[in-house]
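Trainee: Kindly return the folded structure for what I paste below:
(one chain, ligands or ions: 1)
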Amino acid sequence: MRVGFIGLGNMGRPMATNVLKAGHEMVVYDIREEAGQPLIALGARWASNPRAVAHASQVVFTSLPGPKEVEEVALGPGGILEGMQPGAVYVDLSTNSPSCARRVAAAFRAKGFAMLDAPVSGGVTGAQTRDLAVLVGGDEEVFQRVKPLLDAIGTKVFYCGPSGAGCIAKIVNNLISLSLNVLMGEAFTIGVKAGVPTRTLYEAVTRSSGDNNRLRRGLRNQLFKGNFQPGFAVDLALKDVRLGLELARELDIPVELLALVEQKYLEAHNRGWGRLNSDAVVLLQEERAKVQLRAPDL
Ligand code: NAD
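Mentor: The predicted structure follows:
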């Protein structure tokens, strides 16, 4: 199949690599030209803008920071919609707002094309090893048609419902996992300052009812090792919490805890940590508690 891939960052690059390795032809684009180099080395072709990518593709993927970039790349001048070929499908893998996903899907539908929102979960490691959840919204028949391609990106492909449903499911997931970072920061600083080392607390909690994936795959490999390289950046985490708050506001749903969580990621952003891994949010709590959570040999 001829596949286009736009947005070759921390997630886009490994996802595109897996699609390429599954034996598909690929055309790529990113505003940072150097981001295309590793894929070109594997046989992908560079295109000069999103329209040119779409012109050469049967399925076009994007993996972009958020709603603003998705709207610009999909619908803007020189964008994907201008280059779509008959029968082609556009699949957005970004964590986007459902309202933006629905707006873009409607613009594509009006010209006879299908668009799926298909945000992913599992981080950069999951993207490299194909261990991703792909949460899909849009027309189910179109979903079935592109599913074999989605299987090249993640082993947990899941249809969530009509346009926007993939984004909603992803936002719910990230509200939980990003809040857990803040909550675990508070709980672990209490435990360590009370005299039990981080490693022992980790071993105890992962055997108990507080066990969770964010602790096992996130804090263990990042915060506890003092490693804040992206990963999943603080600024993307702030964007995702805000997508959740925006949705809550649209629906008149009170969400006090999530409003506090937003303040934590905002403070981390204001410290200049926006490009660090989202675990850096816990550094704020370490500072206030005057204790560090480290277990480098865990
Ligand atoms: P990133 O910042 O590393 O990558 C984004 C890429 O998009 C960059 O290469 C950037 O140059 C490119 N880009 C930006 N604007 C563009 C434009 N107008 N045209 C073409 N290219 C453009 O971000 P990431 O970590 O790869 O995340 C991508 C998406 O996946 C985000 O929506 C994020 O929320 C989501 N996500 C990330 C992770 C993670 O662990 N990093 C996990 C799940 C979901």
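Trainee: So this protein: which segments form each domain?
Mentor: Following automatic domain parsing, the chain resolves into domains at 2-162, 168-289.
Trainee: Tabulate those domains (TSV), appending mean neighbour count, mean pLDDT and distance to residue 295.
Mentor: Where you see a C-beta, it was placed from the backbone N, CA and C, and this is true even at glycine. Formatted as TSV, the domains of the chain follow (neighbours: other CB atoms under 10 Å; pLDDT from 0 to 100; distance: least, CB to CB, whole Å):
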stretch	mean neighbour count	mean pLDDT	distance to residue 295
domain 2-162	20	98	19
domain 168-289	18	97	4
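Trainee: what's the closest of those domains to the ligand?
Mentor: Closest of these to the ligand is domain 2-162, at 1.8 Å (criterion: CB to the nearest ligand atom).
Trainee: Please see if the closest one touches the ligand.
Mentor: Yes: Domain 2-162 comes into contact with the ligand (CB under 6 Å from any ligand atom), by way of 6-12, 30-32, 35, 63-66, 69, 72-73, 94-95, 120-121, 123-124.
Trainee: Cross those residues against helices and list the overlap.
Mentor: Using DSSP state H, the members of those that fall within helices are 12, 69, 72-73, 123-124.
Trainee: For the stretch 51-200 of the chain, which segments count as helices?
Mentor: Taking DSSP state H, counting those that start in this stretch as the test, the helices found in the stretch 51-200 of the chain are 67-75, 80-83, 98-110, 123-129, 140-150, 165-193, 198-205.
Trainee: any bit of stretch 280-293 sitting next to the ligand?
Mentor: No: in terms of CB under 6 Å from any ligand atom, no part of stretch 280-293 sits within range of the ligand; the closest distance is 13.6 Å.
Trainee: So the residue sitting furthest away from the middle of the chain versus residue 47, what's the distance?
Mentor: For the chain, the largest distance from the centre (CA atoms, centre = their mean) belongs to residue 195, which lies 36.3 Å off. Per CB to CB, to the nearest Å, residue 195 is found 59 Å from residue 47.
Trainee: In this model residue 129 seems to touch residue 155, though I could be wrong.
Mentor: No: in this structure residue 155 lies outside contact range of residue 129 using CB atoms under 8 Å: 9.1 Å.
Trainee: which residues are contacting stretch 132-144?
Mentor: Stretch 132-144 is contacted by residues 15, 89, 93, 98, 101, 105, 114-122, 126, 150, 153-170, 173 when judged by CB atoms under 8 Å, 6 or more residues apart in numbering.
Trainee: Residue 17: which element?
Mentor: Assigning secondary structure by DSSP states H and E places residue 17 in helix 12-21.
Trainee: Just list what that helix packs against, helices and strands only.
Mentor: Judged by 3 or more CB pairs under 8 Å, 6 or more residues apart in numbering; DSSP states H and E, helix 12-21 is in contact with strand 2-6, strand 25-29, helix 37-41, strand 59-62, helix 123-129.
Trainee: got a list of contacts for it?
Mentor: With contacts defined as CB under 8 Å, 6+ apart, helix 12-21 is touched by 3, 5-6, 8, 26, 28, 30, 35, 38-39, 42-44, 61, 63, 93, 120, 124, 127-128, 130, 132, 149, 152-153.
Trainee: ditto for stretch 287-298
Mentor: Applying CB under 8 Å, 6+ apart, the external contacts of stretch 287-298 come out as 185, 188-190, 192-193, 197-199, 202, 219-220, 223-226, 282, 286.
Trainee: repeat that for 10 Å
Mentor: 184-186, 188-194, 197-203, 219-221, 223-227, 271, 279, 282-283, 285-286 (CB atoms under 10 Å, 6 or more residues apart in numbering).
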